[in-house]
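K.L.:
next comes the sequence, and after it the predicted model I'd like to discuss.
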Amino acid sequence: QREHSFWPEIYVVKPGEVCEPELVIEDSVTVSTISKTDETNARHKSKDYVACLTFRDITHRYIHQKRMDYLANHDPLTEAFTRARLEEELVAYIGDSTSNRQPLTLVLLDLDRFKNINETLGHAAGDGVLKEVAKRMNDFGLYSVARLGADRFAGAYPQIMDEAQADEFAEKIIASITQPYALDGHRALLGVSVGLTDTRNSGFLPNNLISHADMALSEAKNMPGNSHFLFKAELNERIQDRQRVEMELLDAISKDELHIHYQPQVDMATGLCLGAEALLRWQHPEMGAVRPDRFISVAEDSGMIIEIGRWVLEKACIDAMTWPKPGKLAVNVSAVQFEYGDVVAAIKKALEISKLPVERLDIEITESVFVTKQDKFIQTLNEIVEMGVGVALDDFGTGYSSLSYLSRLPVDKVKIDQSFVRNLPDDEQSMAIVQSVLTLSAAMDKRVVAEGIETEAQAWVLRLAGCGIGQGYLFGRPQTNESFCEFLRRDEPSEFLLKATG
Ligand code: C2E
Ligand code: MG
Ligand code: MG
């Protein structure tokens, strides 16, 4: 007997098939009391009860509700959990007793080249691969496998490991996910990056676990090949620093905190100054002088480099017009400006505002410009070259390009990275690399700039090897525009370079 049952009970016919039952009945019971007076004894009142039973067929509503619940918790394609459900699963696993929480490792995977499969073999093939990935994760022994994005998955492992064990564990996951996928008639190969953290490193809050594993994953994605990364506290500090830098950088231009320094580039035959490279400086009231290494990549990731880059171009061109001699100005332009900003328009505007003759401007790009959308960027570069602006390939030797591919690029200068110059003249390998860059560049009619020259010995061997232009502390540090103007006024042939020719 259910007294005063206001809440409906649900009867599901065919239990087990929760999503598609045949019939779902909801019933409710309302009990009312009826008082009646005993006719023989007017003082005695008795009570009778009346129950009202209501049955309703709610099959339709129930099925919809269950479907909604399912969708809120599962990815319909792979049947893996959603992020919200993963968090619940983690909470349930860890438990809420503060003294006896269960440790775990959280693993995040991001597939590489998944888009290729979708594009070349079709979406059905892509779907098949994703299902298989989720299955392999389950088979591997990961719990609560969840899909967090198009090609991003997470899973929990009920154990924490030391670093060596975690490495081995991650390698095994990578080996499993990178096994070929058989798709009717085709074999598809995937790459994968893995980020891991555990409750010892990240604590027991699901949100922190997921976001730390995500930071580790970003780290792994920046490493070549199928890589993994185990979260460490320093990573969090670095990321917080980046967030602070990003916040502060937002107003750096308007607060007049950005400045440009100019570093001389000299003719290696005479030591005379040919011009300067513009290098961005940020003087923050609390953080002090922030190095470009710390803020350029943040500005790139957030897209702020587009506005900052425009500002640098304009300001540097204006400054170059104040130089006592008409030297060349080299301005660094980021790959992000190529991809998302209108570089050609930015250059034109800077030249127009400053009235700097076009032949005095070089832009410096890095090889990363060519990593994606090569054809599009080569076309943009051609437009820049046609305007009469020079293009130098910066940090050469550190990136992806091979020397042979240099001939296809509309680049008229190559800058040998300072990591090779640093080890000169004693290191044979650096010497050999420098030598080949010089030989090939000469054959392709490109000029070579050596960066980071600090000693006379380095300058000598570079010059003897045939390097035409030098830049480095030996000739001059990056300095304010006023001091660079002074430098140009004092400029005269360098004694020791002249001696080098004998
Ligand atoms: P980069 O374009 O390769 O610039 C050369 C870097 O080498 C500069 O570092 C310069 O100060 C440093 N350097 C020059 N001579 C020597 C030397 O003899 N010894 C040593 N150890 N270092 C030397 P900086 O100014 O810290 O700039 C770092 C990087 O930041 C630049 O490398 C460039 O990639 C980027 N950057 C600087 N300004 C801009 C900018 O306006 N836009 C963009 N997109 N990137 C910039
Ligand atoms: Mg540069
Ligand atoms: Mg460089």
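P.N.:
Thanks, I have it. Only a predicted model underlies this, so the values are computations on that prediction, with no experimental measurement involved. Numbers count the residues shown, from 1 in each chain. Ligands and ions are numbered 1, 2, ... in the order given.

K.L.:
going by C-alpha atoms from here, please, whenever you check contacts or count neighbours.
P.N.:
OK.

K.L.:
stretch 263-276 near ligand 3 anywhere?
P.N.:
No. Applying Cα under 5 Å from the ion, one finds stretch 263-276 separated from ligand 3 by no less than 11.9 Å.

K.L.:
what backbone torsions are found at whichever residue of the stretch 101-250 of the chain sits closest to ligand 3?
P.N.:
Across the stretch 101-250 of the chain, no residue is closer to ligand 3 than N222, which sits at 20.0 Å (Cα to the ion). Main-chain torsions, N222, degrees, to the nearest 10: phi -80, psi -10.

K.L.:
what of P425?
P.N.:
Torsion angles at P425 (phi, psi; degrees, to the nearest 10) stand at phi -90, psi 0.

K.L.:
contacting residues around it?
P.N.:
M431, A457, Q458, V461 (Cα atoms under 8 Å, 6 or more residues apart in numbering).

K.L.:
got a quick PyMOL command for the buried subset of these?
P.N.:
To isolate the buried ones among the contacts of P425 in PyMOL, judged by 16 or more other Cα atoms under 10 Å, type:
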select buried, resi 431+458+461
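
K.L.:
ligand 1 next: which of the contacts of P425 are close?
P.N.:
Applying Cα under 6 Å from any ligand atom to those, one finds that nothing falls near ligand 1.

K.L.:
for the contacts of P425, could you give me JSON lines that also reports pLDDT?
P.N.:
Output for these, formatted as JSON lines (pLDDT from 0 to 100):
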{"residue": "M431", "pLDDT": "89"}
{"residue": "A457", "pLDDT": "94"}
{"residue": "Q458", "pLDDT": "95"}
{"residue": "V461", "pLDDT": "94"}
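
K.L.:
can you pick out the most distant pair from the contacts of P425?
P.N.:
Using Cα to Cα, the pair of the contacts of P425 lying farthest apart is M431 and A457, separated by 12.6 Å.

K.L.:
got any residues that touch both of those two?
P.N.:
The contact sets of M431 and A457 overlap at L424, P425 (Cα under 8 Å, 6+ apart).

K.L.:
thinking again about what came up before, taking the contacts of P425 one by one, which sit in helices?
P.N.:
Among the contacts of P425, DSSP state H puts M431, A457, Q458, V461 in helices.

K.L.:
can you show me the CA trace of the host helix or strand of D293 as CSV?
P.N.:
Element membership of D293 [criterion: DSSP states H and E] is helix 292-302. Taking Å, rounded to 0.1, in the frame of the first residue of the first chain, the C-alpha atoms of helix 292-302 are listed here in CSV:
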residue,chain,number,x,y,z
PRO,A,292,60.7,38.4,-27.4
ASP,A,293,61.1,34.7,-26.8
ARG,A,294,58.6,35.1,-23.9
PHE,A,295,56.0,37.2,-25.7
ILE,A,296,56.2,36.7,-29.5
SER,A,297,54.9,33.2,-29.5
VAL,A,298,52.1,34.3,-27.1
ALA,A,299,51.2,37.1,-29.5
GLU,A,300,51.2,34.5,-32.3
ASP,A,301,49.0,32.1,-30.6
SER,A,302,46.5,34.8,-29.7
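
K.L.:
list the contacts of R187.
P.N.:
Contacts of R187 by Cα under 8 Å, 6+ apart are P180, Y181.

K.L.:
so where does it fall, helix or strand?
P.N.:
Following DSSP H and E, one finds R187 within strand 186-188.

K.L.:
quick one on the thing from earlier: tell me how many other residues surround the residue of the stretch 101-250 of the chain closest to ligand 3.
P.N.:
Residues contacting N222 under the criterion other Cα atoms under 10 Å number 11.

K.L.:
considering only the stretch 251-400 of the chain, name the residue that lies closest to ligand 3.
P.N.:
Closest contact between the stretch 251-400 of the chain and ligand 3, by Cα to the ion, is at D395 (4.1 Å).

K.L.:
that residue should be in a helix, yeah?
P.N.:
No. Counting by DSSP: H, G, I helix; E, B strand; the rest coil, one finds D395 to be strand, located in no helix.

K.L.:
still on that earlier bit, just checking, what packs against the next helix-or-strand element following the helix holding D293?
P.N.:
For helix 292-302, the following helix or strand on the C-terminal side (DSSP H and E) is helix 305-320. Secondary-structure packing of helix 305-320 (3 or more Cα pairs under 8 Å, 6 or more residues apart in numbering; DSSP states H and E): strand 258-267, helix 292-302, strand 328-332, helix 335-340, helix 343-354.

K.L.:
residues from the protein in reach of ligand 1?
P.N.:
So the chain meets ligand 1 at 279-280, 291-293, 309, 312, 332-334, 395, 452-454, 472-473, 478 (Cα under 6 Å from any ligand atom).

K.L.:
which among those residues end up buried?
P.N.:
Buried residues within these, counting neighbours by 16+ other Cα under 10 Å: 279-280, 309, 312, 332-334, 395, 452-454, 472, 478.

K.L.:
possible to save these as a markdown table with pLDDT?
P.N.:
Listed next are those as a markdown table, based on pLDDT from 0 to 100:
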| residue | pLDDT |
| --- | --- |
| L279 | 98 |
| L280 | 97 |
| G309 | 96 |
| V312 | 97 |
| N332 | 97 |
| V333 | 96 |
| S334 | 93 |
| D395 | 86 |
| G452 | 96 |
| I453 | 96 |
| E454 | 96 |
| G472 | 96 |
| P478 | 97 |
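
K.L.:
show the contacting residues for I453.
P.N.:
Going by Cα under 8 Å, 6+ apart, I453 touches Q418, V421, R422, A459, G470, Q471, G472, Y473, L474, F475.

K.L.:
tell me the SS of it?
P.N.:
Secondary structure of I453, per three-state DSSP, is coil.

K.L.:
for it, which non-adjacent residue is spatially closest?
P.N.:
G472 (4.3 Å; Cα to Cα, 6 or more residues apart in numbering).

K.L.:
helices or strands up against the helix or strand harbouring N116?
P.N.:
Element membership of N116 [criterion: DSSP H and E] is helix 114-121. On a contact count with 3+ Cα pairs under 8 Å, 6+ apart, helix 114-121 meets helix 123-140.
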